[in-house]
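In: predicted model follows, preceded by the sequence.
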Amino acid sequence: MKGSEFSELKAFMCVAQEHSFRRAAELLGMSPSALSHTIRALEERLGVRLLNRTTRSVATTEAGQTLLERLMPAVAEIYSAVRDAGASQAEPQGRIRINLPRIAARLLITPMLPVLREKYPRLSLDVVIDDTITDIVGKGFDVGIRSGELVQQDMIAVRLTSDLRMAVVGSPDYFSRFPEPQHPQDLRLHQCLTYRWDPTGVLQRWEFRGPEGAIFVNVESVITANETDFVLDAALKGTGLAYISEQLAKHYIEKGELIQVLSEWSAVFSGFHLYYVNNPHMSASLRAFIDLIKSFVATTDPGL
């Protein structure tokens, strides 16, 4: 393959992934007009239209999508081979932006920090704690961590933990004033602390698993907040019952500061996954971070 032909394919992949000639041109360091000429030359050489263009958007044709799907793993392998060849010469450095919920930061990232600093002292993390569901690409993040069922299907996802369990917890003081619920529907008679997703404003559903499947309970909320630690603190102070991750409450349950109820009804959700865009141009720093966290969770107990 000639060098110009590879450049044409590289340009096509960039436009197809960015859905924009302007953004692709910026990434490739060329003008939009030059990029458009390159794509036309590729289409003429192949004798098929690869991209549909309008004034507002760019999308692959059926032929273009087929070509893209075959090119991506091949080009990724080429870049991987080149990267590996120079790995001994290059020390990972720079900044990795990561978006993740509070509990994932506490159980996965914080314990790993000493290892990261020792192995890659020139690599820094920009960690954004976010209990909502964020578009990591649109917000400029390199990677995210979320429950597997929340990860978009077009992302590469790597499982980091086993499945997660939810827990209903209250303080001993609370249960000195109210009886322990024996069935999820009993929660209707209790004072509950609810979590509200921000910025959608949607309340988290209290979901349980029974012999006949899922059970959803509309609880009476005495306090609603968009911060999990606030809900946890309110439960510790005896204000009401909280519905939170079992791992977030585990420490307090073991110390006797919280009592877990309805554990036989606990709902289970897919464990935490690291996810990122399938990008053949992944930096050595990002690859180093991904490999490190995979190795860390495989050799340690992250508390899950």
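Out: That came through, no problem.

In: which residues touch the closest residue to Ser171 other than its chain neighbours?
Out: On the basis of C-beta to C-beta, 6 or more residues apart in numbering, the spatially nearest residue to Ser171 that is not a chain neighbour turns out to be Gly238, at 4.4 Å. For every residue, glycine as well, the C-beta is placed using N, CA and C. By C-beta atoms under 8 Å, 6 or more residues apart in numbering, Gly238 lies in contact with Gly170, Ser171, Asp173, Tyr174, Arg177.

In: and Gly238, how far from Leu258?
Out: Separation of Gly238 from Leu258 (C-beta to C-beta, to the nearest Å) stands at 10 Å.

In: between the two, what contacts are shared?
Out: Where contact means C-beta under 8 Å, 6+ apart, the residues bridging Gly238 and Leu258 through contact with each are Gly170, Ser171.

In: toward the C-terminus from the worst-scoring helix or strand of the chain on mean pLDDT, list the very next helix or strand.
Out: Confidence across the helices and strands of the chain bottoms out at helix 62-85, with a mean of 82, counting by mean pLDDT, DSSP states H and E. The helix or strand immediately downstream of helix 62-85 is strand 94-100, counting by DSSP states H and E.

In: what comes up buried for that next one?
Out: Buried residues in strand 94-100, counting neighbours by 16 or more other C-beta atoms under 10 Å, are found at Ile96, Arg97, Ile98, Asn99, Leu100.

In: what's the pLDDT at the residue nearest to Ser171?
Out: Listed pLDDT for Gly238 reads 97.

In: where's it, which helix or strand?
Out: With DSSP H and E as the criterion, the answer for Gly238 is that it lies in no helix or strand.

In: flag the shaky bits of the stretch 51-200 of the chain, pLDDT-wise.
Out: In the predicted model, the stretch 51-200 of the chain carries pLDDT under 70 at residues 82-90, 199.

In: now the helices for it?
Out: Counting by DSSP state H, counting those that start in this stretch, one finds helices in the stretch 51-200 of the chain at the ranges 62-85, 102-104, 110-119, 172-177.

In: pick the most buried one from those helices.
Out: For the helices of the stretch 51-200 of the chain, ranked by mean neighbour count under the definition mean count of other C-beta atoms under 10 Å, the leader is helix 102-104 at a mean of 22.

In: packing partners for that one?
Out: Based on contacts counted as 3 or more C-beta pairs under 8 Å, 6 or more residues apart in numbering; DSSP states H and E, the elements that helix 102-104 packs against are helix 228-236, helix 246-254.

In: as a markdown table, those with distance to Leu108 and mean neighbour count would be great.
Out: Output for these, formatted as a markdown table (distance: least, C-beta to C-beta, whole Å; neighbours: other C-beta atoms under 10 Å):
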| stretch | distance to Leu108 | mean neighbour count |
| --- | --- | --- |
| helix 228-236 | 16 | 19 |
| helix 246-254 | 11 | 17 |
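
In: out of these, nearest to Thr132?
Out: The minimum distance between Thr132 and the helices and strands packed on helix 102-104 falls on helix 228-236, with 11.1 Å, by C-beta to C-beta.

In: quick one: that closest one to helix 246-254, angle?
Out: When axes from the mean of the first three to the mean of the last three C-alpha atoms, to 10 degrees is applied, the directions of helix 228-236 and helix 246-254 differ by 30 degrees.
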